[in-house]
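*Asks:* Any chance you could fold what I've pasted below:
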Amino acid sequence: MHDNLSEYELQRLAHIKRNHEMLVRLGLVDEEAPVTGGADVKKKQPTARRRAQVRADVPLTLRRSKRRLGAAAEFGAELIDEHGDELDNQCA
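*Replies:* You can find the predicted model right below:
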């Protein structure tokens, strides 16, 4: 198995083995757990994703823009000075 591997690949497998031994000492994996370098691991086939179901219950009243409906703007008769100078003068 290790006959045709480059120096880099041999070093990589040594690191994988060392890390596996550390995980065994920490009790995170079983000693019998396979130590693979990733070359002989088969990838899972992607599972088909299900589409999200569209909610059938639509609210009774939908929010609509009054501007697009042509309604007049809700505006009180309050007067606003140009930069709020009157309010500043009142507070001083």
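*Asks:* Roughly how far does Gln11 sit from Arg67?
*Replies:* Plainly put, Gln11 is 68 Å away from Arg67 if you go by C-beta to C-beta, to the nearest Å. Bear in mind the C-beta positions are built from the backbone N, C-alpha and C, glycine included.
*Asks:* and whichever strand or helix holds Asp88, what other elements does it pack with?
*Replies:* When elements are assigned from DSSP states H and E, Asp88 belongs to helix 85-91. Helices and strands touching helix 85-91, as assessed by 3 or more C-beta pairs under 8 Å, 6 or more residues apart in numbering; DSSP states H and E, are absent.
*Asks:* Tell me the buried residues in it?
*Replies:* Neighbour counts over helix 85-91 (16 or more other C-beta atoms under 10 Å) mark no residue as buried.
*Asks:* Only alpha carbons, please: show it as CSV.
*Replies:* Provided in CSV are the C-alpha atoms of helix 85-91 (Å, rounded to 0.1, in the frame of the first residue of the first chain):
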residue,chain,number,x,y,z
ASP,A,85,-33.7,76.1,15.9
GLU,A,86,-36.8,77.0,17.8
LEU,A,87,-36.6,73.9,19.9
ASP,A,88,-33.0,74.7,20.7
ASN,A,89,-33.8,78.2,21.7
GLN,A,90,-36.7,77.0,24.0
CYS,A,91,-34.3,74.6,25.8
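*Asks:* so how far is it from its chain's centroid?
*Replies:* Here the centre of helix 85-91 is set off from its chain's centre by 49 Å, with C-alpha atoms, centre = their mean, to the nearest Å.
*Asks:* Helices of this structure, residue ranges please.
*Replies:* 7-26, 66-69, 85-91 (DSSP state H).
*Asks:* List the contacts of the second one.
*Replies:* Going back to what we said before, that points to helix 66-69. Ala73 (C-beta atoms under 8 Å, 6 or more residues apart in numbering).
*Asks:* Next: stretch 18-35.
*Replies:* So stretch 18-35 is in contact with Ile16, Lys17, going by C-beta under 8 Å, 6+ apart.
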